[in-house]
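In: after the sequence you'll find the predicted model.
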Amino acid sequence: MNTRLWHPFSDMAAVDGNEFVVDRAEGVWVYDEEGRRYLDGCASLWYANAGHGRQEIVQAAMTQMSKLEAYSCFADIANRPALELADRLAALAPVDDARIFFGSGGADAIDTAVKMARGYWQARGEHQRVHVVSRETGYHGTHGYGTSITGIPPNREGWGVLAGENTVAPLHDLDGVEKVFAEVGPERIAAFVVEPVTGAGGVHLPTEGYIEGIAELCRRHGVLLIIDAVIAGFGRLGRWFGIERFGVRPDMITFAKGVTSGYLPLGGVVVSGEVAAPWWTTPGERTLRHGPTYSGHPTCCAAGLATLDVYERENLIPRGEELETPLFEALAPLLQHPYVHEVRAGFGLLAAVELEQDVLDGVPDAPNALLRGARKAGVLVRGLGKGVAVSPPLTVTTDELGLLAEAIRAGLDSLPVDAPV
Ligand code: PLP
């Protein structure tokens, strides 16, 4: 053993002693300890939407930290950054009469949202409404509920018994979703949890009418719609929460990542006034017995406020849509490469390059081999089950998108594929 640091989702037996150590970052560029620079083609882990090294975010966090670094928002205690960030997010979110519940990231936001959905129905006396529907390829973090409802089978396996009462619906098949509703019994379903575009599950872009169809189905059966905008939010799809592109107003939205552009850990749930009502109407009636220590952390919220300022001042949010066609045009030629099975791009500033099955079968850990090949060519991308994902900061230029595609091509060429595929 050479190192004590256990990396998430990583083959530590292979990583141990072979770490790629990043040292500093500026804009869309990341530098290693030898001073080599790399284009950040994945915004770290889909979060550095405003780009790296923003001194105004750093300063806002430092100023808050030296004034009041942390104080928990229990009972009636609040702090100004948490109050202000809640107001700003509530005003931006496409949710009726919104309230904001803060945590530290996406996984705890999902656990919060699912518990709120189930608690809402319990409070209303519909005790049978506990079932949660999600969809194939959905990723919702690695906490309890997120693990139980993910549509990525390997992430659910190996833990023994998970949280019960959930079903994974087919990816883009509305009839299949209706069938799940009918089989479970819609009166038993508390909520449907869905990413507008699946991220970690492979960047599957929505088919025409699918998200709208789910929303309509939920409305028809009184099922709460939880949109997981942890990746889709803060400009990735060209809107504040992504779901605006479908004209859908959900009951809850989970967010994290881009809310601070990753400068500090922060996440949360936008909750409609209707869902909040059981806990927010009559004093003394009901308390939500749920909440992490760092809910409303003032330093994290100050970083969030400064990040929203950057997005607004530089008009960065629309770039997720403005750059979707340039990203598609940069990556589409890779489809001619013999190792490439599919390029998924064209909706938002995110994409996947999926490898041919022969390559996946023939090259050990092919997605990570491709990732390392692209890195050698100067670009950082993220490995997926069957390829790599791309999701650069919103500040990326079209020329840099070209560099990104070239490096992926170099990575493809470097794959040790023996026989022609
Ligand atoms: N939901 C989605 C859609 C995500 O992509 C992620 C993380 O990538 C999460 C939830 C979990 O967020 P976190 O890793 O901050 O817990």
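Out: All right, it came through fine.
In: and Thr167, what element?
Out: Following DSSP states H and E, one finds Thr167 within strand 166-169.
In: tell me which residue in the protein sits closest to the ligand.
Out: Here the chain gets closest to the ligand at one residue, Gly106, 2.2 Å apart by Cβ to the nearest ligand atom. (C-beta placed from N, C-alpha, C; glycine too.)
In: so who does that residue touch?
Out: By Cβ atoms under 8 Å, 6 or more residues apart in numbering, the contact list for Gly106 reads 140-141, 146, 228, 230, 254-257, 267.
In: got it, and His143?
Out: By Cβ under 8 Å, 6+ apart, the neighbours of His143 are 107-108, 110-111.
In: for those, give me JSON lines that also has neighbour count and secondary structure.
Out: As requested, these are arranged in JSON lines below (neighbours: other Cβ atoms under 10 Å; DSSP: H, G, I helix; E, B strand; the rest coil):
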{"residue": "Ala107", "neighbour count": "22", "secondary structure": "helix"}
{"residue": "Asp108", "neighbour count": "27", "secondary structure": "helix"}
{"residue": "Ile110", "neighbour count": "31", "secondary structure": "helix"}
{"residue": "Asp111", "neighbour count": "24", "secondary structure": "helix"}
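In: between the two ends of stretch 283-293, how far is it?
Out: Between the opening and closing residues of stretch 283-293 there is a gap of 23 Å (Cα to Cα, to the nearest Å).
In: how confident was the prediction at Asp418?
Out: Per-residue confidence (pLDDT) for Asp418: 80.
In: what does the nearest residue to Ala50 once chain neighbours are set aside show for phi and psi?
Out: Using Cβ to Cβ, 6 or more residues apart in numbering and skipping residues adjacent in sequence, the residue nearest Ala50 is Ser261, 4.0 Å away. Backbone geometry at Ser261, expressed as degrees, to the nearest 10, gives phi 60, psi 20.
In: residues near Ser261, how many?
Out: By other Cβ atoms under 10 Å, 29 other residues sit near Ser261.
In: any idea how far it lies from Gly268?
Out: Taken as Cβ to Cβ, to the nearest Å, the spacing of Ser261 relative to Gly268 amounts to 15 Å.
In: what's the answer for Tyr294, then?
Out: Tyr294 sits 11 Å away from Gly268, taking Cβ to Cβ as the criterion.
In: anything in contact with each of those two?
Out: Both Tyr294 and Gly268 are contacted by Gly103, under the criterion Cβ under 8 Å, 6+ apart.
In: which one's more surrounded, those two?
Out: Gly268 (28 against 19).
In: beta partners of the more buried one?
Out: Partner residues in beta bridges with Gly268: Phe102, Phe255, with DSSP bridges as the criterion.
In: cool, Asp32 as well?
Out: Taking DSSP bridges, one finds Val22 as the beta-bridge partners of Asp32.
In: neighbours of it, how many?
Out: For Asp32, the number of neighbouring residues by other Cβ under 10 Å comes to 14.
In: same thing with the one 5 residues further on?
Out: By the criterion of other Cβ under 10 Å, Arg37 has 14 neighbours.
In: doesn't Arg54 make contact with the residue nearest to Ala50?
Out: Yes: between Ser261 and Arg54 a contact is recorded at 7.3 Å, counting by Cβ atoms under 8 Å.
In: quick one: contacts of stretch 153-162?
Out: 139, 142, 144, 147-148, 150, 385.
In: ok, the nearest residue to Arg372 once chain neighbours are set aside - contacts?
Out: Of all residues not flanking Arg372 in the chain, Gly411 sits nearest, at 7.4 Å (Cβ to Cβ, 6+ apart). With contact set as Cβ under 8 Å, 6+ apart, Gly411 has these partners: 369-377, 381, 388.
In: distance to the ligand added to the residues you listed, as TSV?
Out: TSV is the format used below for these (distance: Cβ to the nearest ligand atom, whole Å):
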residue	distance to the ligand
Ala369	22
Leu370	20
Leu371	16
Arg372	21
Gly373	23
Ala374	20
Arg375	20
Lys376	25
Ala377	25
Val381	15
Val388	15
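In: among those residues, name the ones in strands.
Out: With DSSP state E as the criterion, strands contain Val388 from among the contacts of Gly411.
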